[in-house]
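Student: only the shape, not the letters, is given here:
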C-alpha cells in the first residue's frame, strides 16, 4: 500500500508541477507580490497625488506652516503669491495648491484643486490647528505645543499586543496570511478536482482503480497537492521576503508605501502563529480537496467542473468574509460560533488566533470538531469517489448519490 | 484458480448481476459472453475487486480478493483511457510501478513491450499524439506490463483495425502459451472461438451456459447435415430422418437440420447406397449459434 501510495504521489507531483495551471498560478501570485510591494513606491514617484501640494503665502507664515504639514503632505514647492490657476498646478504636477493668509481673526486657507474631493479639508484643518492657535492667542509655537499635547495613557486590557503599532502589524500579518490561506486552499483543492476530473473524463479511471485501491489513489493525489501547496507557499514567502526586504516601516506598523513592512511582520509572526497557519491550512485543504475530489468523480465532462465547484466554494468565500470581519471583532458571538464550523473554522479560528488571546480549550475544540468533520467528509467522499469513478453516461441524480453514501 | 460463486450485485433498483458462477483453472483462456447489459463488466469488476459483491463470493487461489491480489491481476476495461500528456514510456512504467514493479526491472519490461507492440518510434512522445490504434496498444501494455497471473480484457478488439487486431491476437496467443490465465469479453465470436478454451454465456445478470466448446456442443440438440449433390433421392432420404428439417440450399449442396442423436454413419451409408454422393458433412453448431440460442432462451 505504501509503495503504491508513493508511486501515485510521485507521479502526481511530477504531473502537476509541470502543468500549466500550477505554473501560471505560482507566477501570477509572485507577480502580484512584486506589484504590491514595489508598485506603490514606483507609482508615488511617477504620479504626484492629491497629497502633493504647492504651499502659497507669506514666506514667514509658510515657514511656520511647513513643519505642521510635512507628516501628511508632500510639499513640492512654496510660492510667495500670485494667481493660482491650472497652469501652476500642471507645472508642478501638484494635486492642489494651499494658500495661507494671516488675518486678525486667525488663519484663512484657500485650496486650489482640480478635484475638490481630494482637498482633505478636515485633515488640513487638524494639521494647521497649532498655527491657528498661535495666531489667535499670540503665543509661541512652544507654548501652543504644550497646550495641545494632551497626555493620553493607553492601558491594554487582556490584549495580545504591547502597543498599538504591534496590534496594527498583527492585523496586517493576519490579513496577508488569511489571503494566502484562501489562495492555497482554493488553488490546490481545485488542482485535486481537475486531476480527478481529468482521469474520469479521459476514461483512464477504471484502469487506475483496477491497479490501485481508490482510496490510496485519492490519498496520493491529495498529499501531492498539499506538497505543491507548501512549495507554492515557500516560493511566495521567499518572493515576499526578497521583494519586501527593502521597504521601511512607519510608526504605525505600516511601511511608508502603505504596505506592511517585513520587520514589523517578523515582529508579530510568532512560531505559534506559523504553526496555527500550517495546521489550519492542512485541515482546511484536506476538507475541501476531499470534497472536491468526491464531487469531481461524478462528472463526465470537464465543462461541468465549474457548476459543481461553485456550491462547494461558497462556504470558503463565506469563511473568508467572516474571518476578515473577525480580525476587527475576534470575540464577537458570530466569530466564535464560526470558529468551530467545519470548512469555515480554518479561516475564522486562525483570524481570531492572529489578533486575540483565544482560550486554548476553544482552539482544541475547534481542531477536534474539524478533524472529526474531516474524517466524516473523507468517508463520504471516498464512497462517492469509489463509485463515481465508474459511472459513465448521464450524471447521477442526488438520490443516486444519497444511496451511494448510505450504502 | 479463480472461483466466482453465485455473485450478485445491485445498483439501487437495478439488478446488474443476479447469479453468476464459474470456475477458471490456471492457464485457461476464458470467454465471458453476453449481450449488452448482461452483467459482464460488473462481473469483471467484481473479479478484480473494483466492486464488492452484494451476495456470493469471488476467490483467487482460495482467498477472497484483496489489495494484494490486484498486483497479480491486469485489466483492460471497455471504457479505456490514457493520460494524453504523459509520454508512452512513462505511462507504461507508471502502471508497472502501480503493480509493484521497480527499477531496473520496470524499464526492461517497458522497453520489451514497446518493441513488441511496434511503438519504438513513439516511445518518447505524449500519448495524446498517437493514433487511436496505437493508444490502444499502449493501454494493452499498461494492463499487462507486470505480467499478471490473471488478465481480464473487456472488448479488447473493439476499435482496432484488422492489422492491429492481428497483432493483439498474436500477443494474446503468446500469453496463453506462457500459461497466463485470460478472461476475454468480445462480440467478435470468431476470435473468441479460436482463442478460448472455456466459455460462459450470461444474460439478464445470470449464467445461461458454461463449459468448453465441446461441452456446449454436446448438449446442442441438433446438427446440420450438408450433402452434395442435392439430388431428389438425397432429399427424399433426408426427409425421412425423424425430426429432420430442410434448410437453405447453397453452393451446390443441400442443408438439413437433424437431431444430434442421429446415427450419422448409418445415414451416410444410406445416402451412398441410394445416390452418388460427393460431399457429406455433419456440421457442429458454431459459438455464435450457441450464444444466440442461449441469450434467446434468456429473453424468452
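Tutor: Yep, it's here. Worth saying up front: this structure is predicted, and the values here are computed from it rather than measured.
Student: next one: the one helix or strand residue B:91 maps to, is it in contact with chain A?
Tutor: If you go by DSSP states H and E, residue B:91 is part of helix B:88-98. Yes. Helix B:88-98 is in contact with chain A by Cβ under 8 Å from any Cβ of the partner chain, via B:94-95, B:97-98. Backbone N, C-alpha and C define where each C-beta goes, glycine included.
Student: who does that helix touch, helix- and strand-wise?
Tutor: helix A:2-17, helix A:205-211, helix B:105-116, helix B:132-144 (3 or more Cβ pairs under 8 Å, 6 or more residues apart in numbering or on different chains; DSSP states H and E).
Student: count the neighbours of the residue of chain A found nearest chain B for me.
Tutor: Of all residues in chain A, residue A:203 sits closest to chain B, at 3.1 Å by Cβ to the nearest Cβ. When neighbours are counted by other Cβ atoms under 10 Å in any protein chain shown, residue A:203 registers 17.
Student: ok so it is a strand residue?
Tutor: No. Assessed with DSSP: H, G, I helix; E, B strand; the rest coil, residue A:203 is coil; it does not lie in a strand.
Student: what sits closest to it if chain neighbours are left out?
Tutor: residue B:81 (3.1 Å; Cβ to Cβ, 6 or more residues apart in numbering or on different chains).
Student: picking up where we left off before, quick one: which two of the residues of helix B:88-98 next to chain A are the most distant?
Tutor: The most widely separated members of these are B:95 and B:97, with 7.4 Å between them, by Cβ to Cβ.
Student: these two: which is more packed in?
Tutor: Higher neighbour count among residue B:95 and residue B:97: residue B:95, with 27 against 23, using other Cβ under 10 Å.
Student: list the residues that contact that one.
Tutor: Residues counted as contacts of residue B:95 (Cβ atoms under 8 Å, 6 or more residues apart in numbering or on different chains) are A:207, A:211, B:142-143, B:145-146.
Student: could you do residue A:92 as well?
Tutor: A:48, A:52, A:54, A:76-77.
Student: out of these, the closest to residue B:1 would be?
Tutor: Closest to residue B:1, out of all of those and judged by Cβ to Cβ, is residue A:48, at 87.5 Å.
Student: count of neighbours near residue 225?
Tutor: Assuming you mean chain A. 26.
Student: not what I meant, chain B
Tutor: 24.
Student: that one in helix, strand or coil?
Tutor: strand.
Student: between the helix holding residue B:91 and helix B:132-144, how many degrees?
Tutor: 20 degrees (axes from the mean of the first three to the mean of the last three Cα atoms, to 10 degrees).
Student: for helix B:88-98, give the mean pLDDT please.
Tutor: Mean pLDDT, helix B:88-98: 93.
Student: so it versus helix A:2-17, what angle?
Tutor: Going by the same axes, to 10 degrees, helix B:88-98 makes 150 degrees with helix A:2-17.
Student: show me the strands in the stretch 51-200 of chain A, by range?
Tutor: A:52-57, A:74-79, A:96-103, A:106-113 (DSSP state E, counting those that start in this stretch).
Student: among those, which is the most enclosed?
Tutor: Most buried of the strands of the stretch 51-200 of chain A, by mean neighbour count (mean count of other Cβ atoms under 10 Å in any protein chain shown): strand A:52-57, with a mean of 22.
Student: contacts for that one next, please.
Tutor: Contacts for strand A:52-57 (Cβ under 8 Å, 6+ apart): A:62, A:65-66, A:69, A:73-82, A:84, A:88-89, A:92-101.
Student: so how far is that strand off the chain centroid?
Tutor: Taking Cα atoms, centre = their mean, to the nearest Å, the mean C-alpha location of strand A:52-57 is offset from the chain mean by 37 Å.
Student: so who does the nearest residue to residue A:315 once chain neighbours are set aside touch?
Tutor: Nearest residue to residue A:315 in three dimensions, chain neighbours excluded: residue A:343, at 4.4 Å (Cβ to Cβ, 6+ apart). For residue A:343, the contact set (Cβ under 8 Å, 6+ apart) comprises A:284, A:287-288, A:315-316, A:319, A:373.
Student: next, residue A:343: phi, psi?
Tutor: phi 70, psi -30 (degrees, to the nearest 10).
Student: which pLDDT value goes with it?
Tutor: Taking residue A:343 on its own, its pLDDT is 90.
Student: where does the chain dip in pLDDT?
Tutor: Going with chain A. A:1, A:40-50, A:118-119, A:158-159, A:162, A:244-266, A:392-397, A:400-401, A:403-407 (pLDDT under 70).
Student: if you could check chain B rather than the one you did, that'd help
Tutor: In chain B (pLDDT under 70), the answer is B:297-300.
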